[in-house]
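Chemist: This is a predicted model, with the sequence first.
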Amino acid sequence: DLMQKYGFDGIDLDLENGVSQGLPIINNLITGVKQLKQKVGPSFYLSMAPEHPYVQGGYSTYGGIWGAYLPIIDGLRDELTQIHVQYYNNGGFVYTDGRTLNEGTVDCLVGASVMLIEGFKTNYGNGWEFKGLRPDQVSFGVPSGPKSANRGFVTPETVLRTLTCLVQGTGCDTIKPKQTYPTFRGVMTWSINWDKYDNFAFSKPARQALDSLGGNSPSPPTPSSPQPVPSTSAPHTLVPSTAAPTDAPVSPTSAPDTPSPPTSSPYTVAPPTLAPKPTVGPTNAPVTPAPSSGGQCDGTTGGVCYWPFNKQVLPYAKSDCDKWTTDFVWCP
């Protein structure tokens, strides 16, 4: 009813308080979205913008919040228009070759996109297999500038090289896709307010980078589909006034001259591959579930960082183990 009343062409799935695997909300959400698309028809537009621990994080550890979005993505792959994972504010993640890829690099953005397109198995290749998505369903999400995130900032060159690597096979660093993906969807950024504040330092070069690809725009979901929302459209529609990610749509005319800090609460910088730390304040910071064993060491000793949920010893110092998340406990 809201979509029809206000002329929306779809929805964005944004789990503000996080989600853990096995909860009823996952199946309920998948079922509800499928029913909504059946009611709206083939023009229904569905986007997602999860943080990377919920997606690529499932490769190294599949449990809790780690990889929790994968069943949702898989269950809605036929309905999904595009996903633009947030590759910022969460450190790095483990790639399928065992390396940790740091945010803000070409390898991070290419590797993460390749994982979504070519698929991967969870738990270091020994678990459930996530089948790849179509290239036109995949974008990458990055900050618009140093002020818009705590970490993960990218240079215009990084954006350009990532796009040319995925679309044309040039400009890659150490990771190269198995094949080129001319229909790769594009780029998402947080946020248009910060981009305007920085005199469009992100969107202007991003626009040029997209234009340089030579018109490889993916086809819309169906011929009857309405024009997608500007902030989530095909690669060649990124312009300075419409570069906002779908998790924080902002009307171009409402962007203030001096923006307030983004509502996506940044996380404290921490070692790569750790779970997002809950922060006091905005409700859109992921909430890490409490440890299943009540924070006990389960007999583990020796001055190590222990994860009761997975019964796993982690290679983190006491300072990081204590301050980062209630999921981990220091065992003297």
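Modeler: Structure's in. What do you need?
Chemist: which stretches of the stretch 101-250 of the chain have low pLDDT?
Modeler: Across the stretch 101-250 of the chain, the ranges flagged by pLDDT under 70 are 215-250.
Chemist: That one: strands as residue ranges?
Modeler: Ranges of strands within the stretch 101-250 of the chain are 120-121, 129-130, 138-143, 186-190, based on DSSP state E, counting those that start in this stretch.
Chemist: tell me the domain ranges of the protein?
Modeler: Structurally, the chain divides into domains by automatic domain parsing as follows: 2-254, 290-332.
Chemist: looking at these, which is buried most?
Modeler: Comparing the domains of the chain by mean neighbour count (mean count of other CB atoms under 10 Å), domain 2-254 comes out on top with a mean of 19. Using the backbone N, CA and C atoms, a C-beta is placed for each residue, glycine as well.
Chemist: Run the chain-centre distance for it.
Modeler: Here domain 2-254 is found 6 Å from its chain centre; the criterion is CA atoms, centre = their mean, to the nearest Å.
Chemist: beta partners for the residue most central in space within the chain?
Modeler: Nearest residue to the geometric centre of the chain (CA atoms, centre = their mean): residue 85, 1.8 Å. Going by DSSP bridges, residue 85 is paired in beta bridges with residue 140.
Chemist: Contacts only, for it.
Modeler: For residue 85, the contact set (CB atoms under 8 Å, 6 or more residues apart in numbering) comprises 49, 50, 51, 52, 55, 56, 112, 116, 140, 141.
Chemist: follow-up on the earlier one: can you list the strands of the stretch 101-250 of the chain in TSV and add distance to residue 161?
Modeler: Formatted as TSV, the strands of the stretch 101-250 of the chain follow (distance: least, CB to CB, whole Å):
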stretch	distance to residue 161
strand 120-121	23
strand 129-130	26
strand 138-143	12
strand 186-190	13
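Chemist: Of all the ones you listed, which one comes closest to residue 16?
Modeler: strand 186-190 (14.8 Å; CB to CB).
Chemist: what packs against that closest one?
Modeler: With contacts defined as 3 or more CB pairs under 8 Å, 6 or more residues apart in numbering; DSSP states H and E, the packing partners of strand 186-190 are strand 82-86, strand 138-143, helix 156-168, helix 203-211.
Chemist: try it again with 6 Å
Modeler: strand 138-143 (3 or more CB pairs under 6 Å, 6 or more residues apart in numbering; DSSP states H and E).
Chemist: Just the CA atoms of the strand it packs on, as PDB, please.
Modeler: Once non-C-alpha atoms are left out, strand 138-143 reads as follows in PDB (Å, rounded to 0.1, in the frame of the first residue of the first chain):
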ATOM      1  CA  VAL A 138      26.600  -6.600  -7.600                       C
ATOM      2  CA  SER A 139      28.000  -3.200  -6.700                       C
ATOM      3  CA  PHE A 140      30.500  -2.100  -4.100                       C
ATOM      4  CA  GLY A 141      29.900   0.400  -1.300                       C
ATOM      5  CA  VAL A 142      32.600   2.900  -0.200                       C
ATOM      6  CA  PRO A 143      32.800   6.100   1.800                       C
END
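Chemist: so residue 209 touches residue 162, yeah?
Modeler: No - taking contacts as CB atoms under 6 Å, residue 209 lies outside contact range of residue 162: 8.8 Å.
Chemist: what's the spacing between residue 57 and residue 118?
Modeler: 17 Å (CB to CB, to the nearest Å).
Chemist: And residue 3, by the same measure?
Modeler: Taking CB to CB, one finds residue 3 at 33 Å from residue 118.
Chemist: tell me the helices in the protein, going along the chain?
Modeler: Here the chain has its helices, by DSSP state H, at 2-6, 24-40, 70-75, 106-118, 122-125, 156-168, 192-197, 203-211, 318-324.
Chemist: Let me know which of these is the nearest to residue 145.
Modeler: It is, among the helices of the chain and with distance given as CB to CB, helix 192-197, at 5.6 Å.
Chemist: Ignoring the adjacent residues along the chain, who's closest to residue 332?
Modeler: Closest residue in space to residue 332, ignoring its immediate chain neighbours: residue 303 at 5.7 Å, by CB to CB, 6 or more residues apart in numbering.
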